[in-house]
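In: Let's see this in three dimensions:
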Amino acid sequence: MITVIFLLTIIGFYMLLLTSQRAVIPKTVPEQKIVSQHKTIFKTSGLFILFIAFIISCLQWGLAAGIITEFIILSILDSLLVLLVPMQLINYKQLTVLFILSLTFELYLTYAG
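Out: The predicted structure follows:
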């Protein structure tokens, strides 16, 4: 469940980052064309996905700990996204492999015993 929270947080903030006026996003990012045509849909979807991540976090750890944990996850992952997306050091293929491995290890460690 923790991997799902991380994934939803990254997707939600990435959608909001792409719609930002102040962010320097290179034109070579493939999602940039879609975002320029549908900014309001991306903003509302990004906020909705972040809200779902907050709800799952609160269900996982309780209300206060879930909110605090989600803010910590949000600040760490979003600072990484703000730094790495303009430099194009990571792409969606690498993130997909990383999350599949993380989810596999999480499920294995949770249900192996």
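
In: What's the mean pLDDT across the one helix or strand residue 4 maps to?
Out: Using DSSP states H and E, residue 4 falls within helix 2-19. Here helix 2-19 scores 92 as its mean pLDDT.

In: So what's the gap between it and the chain middle?
Out: On the basis of Cα atoms, centre = their mean, to the nearest Å, helix 2-19 sits 2 Å off its chain's mean C-alpha point.

In: Stretch 100-113 now?
Out: Counting by Cα atoms, centre = their mean, stretch 100-113 comes out at 20 Å from the chain centroid.

In: Check what contacts the helix holding residue 4 and list those residues.
Out: Contact with helix 2-19 is made by 23, 25, 29, 31-32, 35, 39, 42-43, 45-50, 52-53, 56-57, 60, 70, 73-74, 77-78, 81-82, 85, 95, 99, 102-103, 106, as judged by Cβ atoms under 8 Å, 6 or more residues apart in numbering. Every residue, glycine included, has its C-beta placed from N, CA and C.

In: and if you look at stretch 64-79?
Out: Here stretch 64-79 makes contact (Cβ under 8 Å, 6+ apart) with 5-6, 9-10, 13, 17, 50, 53-54, 57-61.

In: let's see it at 7 Å
Out: Residues external to stretch 64-79 that are found in contact with it (Cβ atoms under 7 Å, 6 or more residues apart in numbering): 5-6, 9-10, 13, 53-54, 57-58, 60-61.
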